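Engineer: 3D model of this:
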Amino acid sequence: MVAHRGAAETKAEHTLSAYIQALEDGSDGLECDVRLTADQHLVCVHDRRLERTSNGKGVLSALQLAELEQLDFGSWKNPWAELDDEADDPEPTSKSILTLERLLETVHDWGRPVDLAIEAKHPTRYAGLVERRLIDLLDRFGWAHPPAGQRSPVRVMSFSWMSVRRVRELAPGLETVYLMDRVPVRFRDGSLPAGVPIAGPRIKILRKHPRYVERCHQSGNQVHVWTVNKLADLILCRDLRVDAVITDRPAKAIEVLSQAHDVP
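Structural biologist: Sure, this is the predicted structure:
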């Protein structure tokens, strides 16, 4: 079970607090989106623009990290908190922008194995620089080039085939995930682009085409499904035996997915 942007149902997405909550809930893995700042730091933010998840304005890639660190990335989640006299003071980790480096440190030091699924967001003005900076950062932790017979705890995902291909070229030992809003005709038999072992369909694909999971498995590929929040969808993924469920509700997902499968 992979926590989508952390425990995003209850905490502000992509904050360190959201990821710590997900880990405390028992998540096997974490998912994050990464973008480059103007001074080439990788930060965990989904949107190209700042308005939805911060009190800032404009395009994230046009600002330096020091400028982004002055913004509030958490209060939008609970805008009435300041009117609650009994509410605890928010932790800095619930409002500050999160760098990928800080998240990697958290995963590294957590005390149990944790997978990390990193989505490289595209399009972006920095194009292939995103992947190069990502691999450089993973190298600092020894996670970009795992020894033969071992796997990195990190996998890289993207809707952009060019992004996935760049990662394959820079770090052939990393697992990659090809994310899909819809399955291209040539891959409906469960196959994937050369060298990519994991399909990343959205949940609506499985609702309409549940046999897609079986086709992927028959082709030797895994299936990691996003974003699975509804009870019926969690049960569907459990019964289809998908390999990973990406959800905003890690605690609930763990409860449902740990139950016995309905199919033999």
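
Engineer: contacting residues around the single longest helix found in the chain?
Structural biologist: Longest helix in the chain, counting residues (DSSP state H): helix 129-140. With contact meaning CB atoms under 8 Å, 6 or more residues apart in numbering, helix 129-140 is reached by 34-36, 40, 42, 100-101, 104, 118, 120-122, 124, 144-145, 152, 154, 156, 163, 166-167, 170-171, 174. (C-beta placed from N, C-alpha, C; glycine too.)

Engineer: among the residues you listed, the buried ones, what's the ChimeraX command?
Structural biologist: Selection of buried members from these for ChimeraX, criterion 16 or more other CB atoms under 10 Å:
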select :34,35,36,42,100,104,118,120,121,122,124,144,152,154,156,163,166,167,170,171,174
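
Engineer: mind checking which of the contacts of helix 129-140 land in strands?
Structural biologist: Cross-referencing the contacts of helix 129-140 against strands under DSSP state E gives 34-36, 42, 118, 120, 154, 156.

Engineer: go through those residues and say which is closest to R52.
Structural biologist: Nearest to R52 among those, counting by CB to CB, is R35 at 13.5 Å.

Engineer: so that closest one sits right up against V43, yeah?
Structural biologist: Yes. The criterion here is CB atoms under 8 Å, and R35 meets it with V43 at 6.0 Å.

Engineer: which residues do those two both contact?
Structural biologist: In terms of CB under 8 Å, 6+ apart, R35 and V43 are both contacted by the residues L60.

Engineer: OK, contacts around the residue nearest to the spatial centre of the chain?
Structural biologist: For the chain, the residue lying nearest the average C-alpha position, counting by CA atoms, centre = their mean, turns out to be E31 (2.2 Å). E31 makes contacts with 2-5, 116-119, 226, 246, as judged by CB under 8 Å, 6+ apart.

Engineer: name the SS class of it, please.
Structural biologist: At E31 the chain is in strand, as set by DSSP: H, G, I helix; E, B strand; the rest coil.
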